[in-house]
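Enquirer: 3D model of this:
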Amino acid sequence: MNVEEAKYNLLNAAQYFKAQSEGYKSWGNVNVLQIAFRISNTEFLVTDENKSLEEIKVGDIHLQSSSSNIFRQVFSFRKKINTILITQQEYASQLQEEVPAILDDQAQLLGLSIRIAKNESQIAKALSGRYAAILPYKKSICIGTGLDDAYVAAQLLEKTSKVFIEAKHIGGAKAINKIEAWLMQQYYQFKYSKEAVKNR
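Expert: Now for the predicted structure:
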């Protein structure tokens, strides 16, 4: 994705999320606070963390390449990831412990568990083999190959968090066997990658 195309997508992201959220209303509220798009192996665009997506202008989108930045760390660590979302979510913000795979679609799209990163230095590790993690200050990080994938990950994080929290009131959610969960994820990713190639 070139810089101009990426900027256009960032400027229209709030409208895209609003349209997409209609199908996820029963899962909980997901608010995207910040977006980063990979431009190259060394550069990425990121929205201003102090502006809501509805308010951002071209001047609020910054080209960065900082090696100490968490976005740079994730992009360097996960070569196939092109989009990072920082979110604040109704149910995910309540999680205080690692959530095992309790739903099929969670295992397929998010990974074997949802980890908690207690500080910035733990974020890359928390995302290892995962597509979402809980951050400090009641925020979350969700990643994907594109904006749509990352947003689905955010919504699925919210759905899983809601099920996990509500299940605690009736004895807790039952985890999927780790090997079965891993196989689900591998099968989904293999099938998804084949479909992506076919649809090019």
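Enquirer: ok, the residue nearest to S93 when sequence neighbours are not counted - how many residues close by?
Expert: Computed as C-beta to C-beta, 6 or more residues apart in numbering, the closest residue to S93 that is not its neighbour in sequence is K138, at 3.9 Å. Where C-beta positions appear, they are placed from N, C-alpha and C, glycine not excepted. Residues near K138, counting by other C-beta atoms under 10 Å, number 12.
Enquirer: What distance do you get for K138 to V152?
Expert: Look at K138 and V152: by C-beta to C-beta, to the nearest Å, they are 21 Å apart.
Enquirer: try N29
Expert: Here the criterion is C-beta to C-beta. By it, N29 lies 16 Å from V152.
Enquirer: Compare neighbour counts for the two and give me the winner.
Expert: Taking other C-beta under 10 Å, N29 and V152 do not tie; V152 has more neighbours (19 against 15).
Enquirer: so who does that one touch?
Expert: 109, 144 (C-beta atoms under 8 Å, 6 or more residues apart in numbering).
Enquirer: Okay, and it sits in which element?
Expert: Secondary structure from DSSP states H and E places V152 in helix 147-167.
Enquirer: Tell me which residues of that helix come out buried.
Expert: Across helix 147-167, burial judged by 16 or more other C-beta atoms under 10 Å covers 147, 149-165.
Enquirer: Repeat that for stretch 118-131.
Expert: Counting neighbours by 16+ other C-beta under 10 Å, the buried set in stretch 118-131 is 123-124, 126-127, 130-131.
Enquirer: Please apply the same query to stretch 180-194.
Expert: Within stretch 180-194, the residues that qualify as buried are 181-182, 184-185, counting by 16+ other C-beta under 10 Å.
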